[in-house]
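**Student:** Structural data only, the sequence is not supplied:
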Ligand code: EZ4
Ligand code: CO
């Protein structure tokens, strides 16, 4: 069974997605997601110009060998572009293998370890009133775990707060939070750490009072704090028993988490921007975090993320795979098959896709009463409808960036 065709498809139904479509000489098709938000075309070039020519004629069964060939053979290791491109190939090969076996992929990964995957959604509001309405709407949709992001007095545009009007080019799209905006330049947002640290504990107190003690609540700091500020926030949120506090400080410096850990028992999640097991060495070995946030799409596919998570399992660290709308339905399905089979699954981020995206990617995965399941179709269970995909060519879009009040660029 050799790879006869390899095609990179860029489509922008509600946002840009990069999909690798492989076809074997005996007629099996496999899909892989290589979407890297705001830098999509770099992955497209990496795949189209450098990887596709190497795949043609290769044995589609040899997943591990192909992974090692693309990783070690490139000489230049790691990095989000490389690892997203390798992920696209890896997932497409797993899809082919499982379709050929006539089984949903999770069966090949060891079978189901649970009935379904607890998912969390994104609630947000400029004001506490708006936030309560958003939490209520999520509960009505069936979510059983909810991420809380709140406006901060004095800050006008801020990460994580839904825009109900829909920005230019995204009109009509109402994801609860859609950070990448279509346009020639990135949107500028503002930030004030002190205002945030003063405001946030009161928000969590209000949410606990309103929605009770049982509801799992999460929060994303989005890399904005220093280690000592993160330690202080973790401590002040302890009374509200968060499921996790995410990306409280940039994690390039893994040792920084030693300081945070000394001061707080709030569980920590890290790593949506990380793409390799090496990014986690100290974090995992010293048990400095509780959840690994890497996605299948950005961390070298099923082959590599499984390796990271099995390493994490030895230290009682669980999965919390990144699952915003910028991971395509193909990447989401891959996450669900891996999550269902892993012993140390923790929680899955899930925001739901828009109707145009659902028409481009037919999905077999289900979401019911707060739980996801990858479904029982052979392979990943996702079909790419090429005619639909062609209706939506690439549209330039960037993630926003942040400036402090004095004009300094800050981590977004
Ligand atoms: O900002 O996926 O936890 N979720 C997040 C996301 C990221 C986007 C970046 O492309 O932090 O909203
Ligand atoms: Co995040």
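**Tutor:** That came through, no problem. In this text, all values refer to a predicted model and were calculated from it rather than measured experimentally. Ligands and ions are numbered 1, 2, ... in the order given.

**Student:** where does the stretch 101-250 of the chain dip in pLDDT?
**Tutor:** 163-177 (pLDDT under 70).

**Student:** 80 instead, please
**Tutor:** Residues of the stretch 101-250 of the chain meeting the criterion pLDDT under 80: 163-178.

**Student:** Phi first, then psi, for the residue in the chain positioned nearest to ligand 2.
**Tutor:** Using CB to the ion, the single residue of the chain nearest to ligand 2 is residue 220, 4.3 Å away. Quick note: C-beta positions are derived from backbone N, CA and C, even for glycine. Main-chain dihedrals, residue 220, degrees, to the nearest 10: phi -110, psi 120.

**Student:** That one - nearest residue in space that isn't next to it in sequence?
**Tutor:** In this structure, residue 220 finds its nearest non-sequential neighbour in residue 246, 4.2 Å apart by CB to CB, 6 or more residues apart in numbering.

**Student:** so how far is the biggest helix by length in the chain from its chain's centroid?
**Tutor:** As assigned by DSSP state H, the longest helix anywhere in the chain is helix 80-101. Relative to its chain's centre, helix 80-101 lies at 16 Å (CA atoms, centre = their mean, to the nearest Å).

**Student:** Then stretch 319-327?
**Tutor:** 2 Å.

**Student:** Just the residues contacting the next helix or strand after the longest helix of the chain, thanks.
**Tutor:** Counting by DSSP states H and E, the element after helix 80-101 in chain order, helix or strand, is helix 105-108. For helix 105-108, contacts defined as CB atoms under 8 Å, 6 or more residues apart in numbering pick out 94-95, 97-98, 101, 112, 302, 334, 336-338, 340-341, 374, 379-381.

**Student:** one more time with 6 Å
**Tutor:** For helix 105-108, contacts defined as CB atoms under 6 Å, 6 or more residues apart in numbering pick out 94, 98, 337, 340-341, 374, 380.

**Student:** Nearest to residue 185 among the residues you listed?
**Tutor:** Nearest to residue 185 among the contacts of helix 105-108 is residue 380, at 35.5 Å by CB to CB.

**Student:** how near is the closest one to ligand 1?
**Tutor:** Separation of residue 380 from ligand 1 (CB to the nearest ligand atom, to the nearest Å) stands at 21 Å.

**Student:** Neighbours of that residue, how many?
**Tutor:** Residue 380 is flanked by 34 other residues according to other CB atoms under 10 Å.

**Student:** give the contact list for it.
**Tutor:** Shown in contact with residue 380 (CB under 6 Å, 6+ apart): 95, 105, 333.

**Student:** now the helices: where do they sit in the stretch 101-250 of the chain?
**Tutor:** In the stretch 101-250 of the chain, the helices defined using DSSP state H, counting those that start in this stretch lie at 105-108, 128-141, 193-211, 227-237.

**Student:** Please consider this matter closed, and thank you.
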